[in-house]
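A.B. asks: Turn this into a model:
(one chain, ligands or ions: 1)
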Amino acid sequence: MSSDTRPLLEYSNVTVRKNEKNVLDSISLNIDVGENVAIIGPNGSGKSSLIKTITRDYYPLAGTDGLDFRIMGKDVWDLFEMRHFLGIVSYDLQEDYVRDVSGLDAVISGFFSSIGLYPNHQVSPEMNEKARELLEFLGISYLSDKNMSEMSTGEARRVLIARALVHDPQTLVLDEPSNSLDMRSRHVFREALRKVASSGKNIILVTHDLEDIIPEIGRVIFLKDGKVFLDGPKEDILTAKNLSELFNMHVEVACEKGYYRTWIDPLSL
Ligand SMILES: Nc1ncnc2c1ncn2[C@@H]1O[C@H](COP(=O)(O)OP(=O)(O)OP(=O)(O)O)[C@@H](O)[C@H]1O
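C.D. replies: So this is what the prediction gives:
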């Protein structure tokens, strides 16, 4: 089988235990290369833990019956090798970047998987050019010389998308990307994501906000209490009934021009 026909993710019976708690509980999940997926769940449902299994920060309980834990057909990964097809943008990463690093250097640092650049890093003209191209692609060339510590949250987050794209990965994984962005910054951020998706890359997006589900995302997975609660085409999954069960409250939902929004009927509380 050629490498590009193998599923991106093949998980079966993945249980992750931390401090005597199953943070993921027997997760079975296949995601194919080429799929754009949103993973939705309330606080504490296991979304970040799932991402941490993808980045190999968390490992499943060994010896579980029927355990599969493969990415692109392999269960053991050299992280340097993995970054060529997986780009990760996480909230933790943004916190690490509150420092005096220019936007351009922050992007270039993606080549070294470091936080900022150091004297031992040999930056080639190609790296420089690629980083500038990515900043331009995302419409943020104006941030090249600005320090990350002086950028707004939304600006810094777009720089981190550019950083995650330096190795031209097939898939971009984003953990709660619109957290603490205002309405306009959310819109600008989502437009940047749409641009990435339209360029042929896949998006795996973790969020608790349905408005993050850009029209290019076709599949939705609900996580609840560390388990896959529902999984399928977004039109089937994103119903008021399903969302109400996921969040344990009466949720209304509407879809307009390809975007979803939810609200809570105060009379139902
Ligand atoms: N290293 C850990 N040690 C102990 N408990 C953990 C650890 N990692 C996660 N948990 C617990 O596992 C559960 C799932 O956490 P996780 O961060 O994956 O949820 P989440 O869906 O991303 O939540 P949020 O939306 O609040 O970010 C939570 O109850 C959390 O406290």
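A.B. asks: Please identify the residues of this protein in proximity to the ligand?
C.D. replies: Neighbours of the ligand within the chain, by C-beta under 6 Å from any ligand atom: 18-19, 21, 23, 41, 43-49, 208. No exception for glycine: its C-beta is placed from N, CA and C like everyone else's.
A.B. asks: make it 8 Å
C.D. replies: 18-19, 21, 23-24, 41-52, 58, 175-176, 206, 208, 223, 226 (C-beta under 8 Å from any ligand atom).
A.B. asks: Let me see the contact set for the residue of the stretch 151-269 of the chain found nearest the ligand.
C.D. replies: Residue nearest to the ligand within the stretch 151-269 of the chain: His208 (5.5 Å; C-beta to the nearest ligand atom). Neighbour list for His208: 40-43, 47, 176 [criterion: C-beta atoms under 8 Å, 6 or more residues apart in numbering].
A.B. asks: hmm, back to that, of the residues of the chain next to the ligand, grab the buried ones for ChimeraX.
C.D. replies: Per 16 or more other C-beta atoms under 10 Å, the buried members of the residues of the chain next to the ligand correspond to this ChimeraX selection:
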select :23,24,41,42,45,46,47,48,49,50,51,52,58,175,176,206,208,223,226
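A.B. asks: Please flag which of the residues of the chain next to the ligand sit within strands.
C.D. replies: Among the residues of the chain next to the ligand, the members falling in strands (DSSP state E) are 18, 21, 23-24, 175, 206, 223.
A.B. asks: Would you map the strands across the stretch 101-250 of the chain?
C.D. replies: In the stretch 101-250 of the chain, the strands defined using DSSP state E, counting those that start in this stretch lie at 171-175, 202-207, 219-224, 227-233.
A.B. asks: what's the angle between the first one and strand 202-207?
C.D. replies: For strand 171-175 and strand 202-207, the angle between their directions (axes from the mean of the first three to the mean of the last three C-alpha atoms, to 10 degrees) works out to 10 degrees.
A.B. asks: From the chain's centroid, how far away is strand 171-175?
C.D. replies: 3 Å (C-alpha atoms, centre = their mean, to the nearest Å).
A.B. asks: now swap in the last one and tell me
C.D. replies: Here strand 227-233 is found 17 Å from its chain centre; the criterion is C-alpha atoms, centre = their mean.
A.B. asks: Identify, from the contacts of His208, the entry nearest to Ile213.
C.D. replies: Using C-beta to C-beta, Ile40 is the member of the contacts of His208 that sits closest to Ile213, with 8.0 Å.
A.B. asks: export the strands of the stretch 101-250 of the chain to a markdown table and tack on distance to Gly103 and mean pLDDT?
C.D. replies: Converted to a markdown table, the strands of the stretch 101-250 of the chain look like this (distance: least, C-beta to C-beta, whole Å; pLDDT from 0 to 100):
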| stretch | distance to Gly103 | mean pLDDT |
| --- | --- | --- |
| strand 171-175 | 18 | 92 |
| strand 202-207 | 22 | 93 |
| strand 219-224 | 33 | 97 |
| strand 227-233 | 37 | 97 |
